[in-house]
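# What follows is a protein structure lacking sequence information:
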């Protein structure tokens, strides 16, 4: 929430909603727009809308409590695939022109990762199970 904001803007409403402060995952969703103007049936708007004005820029503070530095840990492959799916699923038109090359890049990266997993499952896991049995532990398989 912007510092110094007591909620307000035009007409005094539209403050950003506050997130609950409780153990666990707490989220708040705000589209950064103030409430829309009143509309009525048959209203004709040529190139306009009744959407509320955007919230002005402000100073926001976010704390990362994940114990993982997002600047030094890249976004994971599954998240990039999910993000691409989200982008190409929006709207009624064709996906953006750069979606296919991005998908091809992600597929190549995924093949590398699945190849590594296959090697671990076929070679390393058998050796690990031998060591686990020697220690009196159950096989992973």
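Alright, I've got the coordinates. Here the structure is a predicted model, which is why all the values come from computation and not from measurement. Residues are numbered from 1 along each chain as shown.
# contacts, neighbours, all on C-alpha from now
Noted.
# What lies in contact with the top helix by length along the chain?
Across the chain, the helix with the greatest residue count (assigned by DSSP state H) is helix 99-119. If you take C-alpha atoms under 8 Å, 6 or more residues apart in numbering as the criterion, helix 99-119 is touched by 77, 80-81, 84, 88.
# buried sites along it?
Using 16 or more other C-alpha atoms under 10 Å as the burial criterion, the residues of helix 99-119 that qualify are residue 106.
# Run the chain-centre distance for that helix.
Per C-alpha atoms, centre = their mean, to the nearest Å, the displacement of helix 99-119 from the mean C-alpha position of its chain is 20 Å.
# give the contact list for residue 128.
Not one residue lies near residue 128 by C-alpha under 8 Å, 6+ apart.
# Number of residues surrounding residue 34?
Counted by other C-alpha atoms under 10 Å, the residues lying close to residue 34 total 20.
# hang on, I meant residue 45
Neighbour tally, residue 45, other C-alpha under 10 Å: 8.
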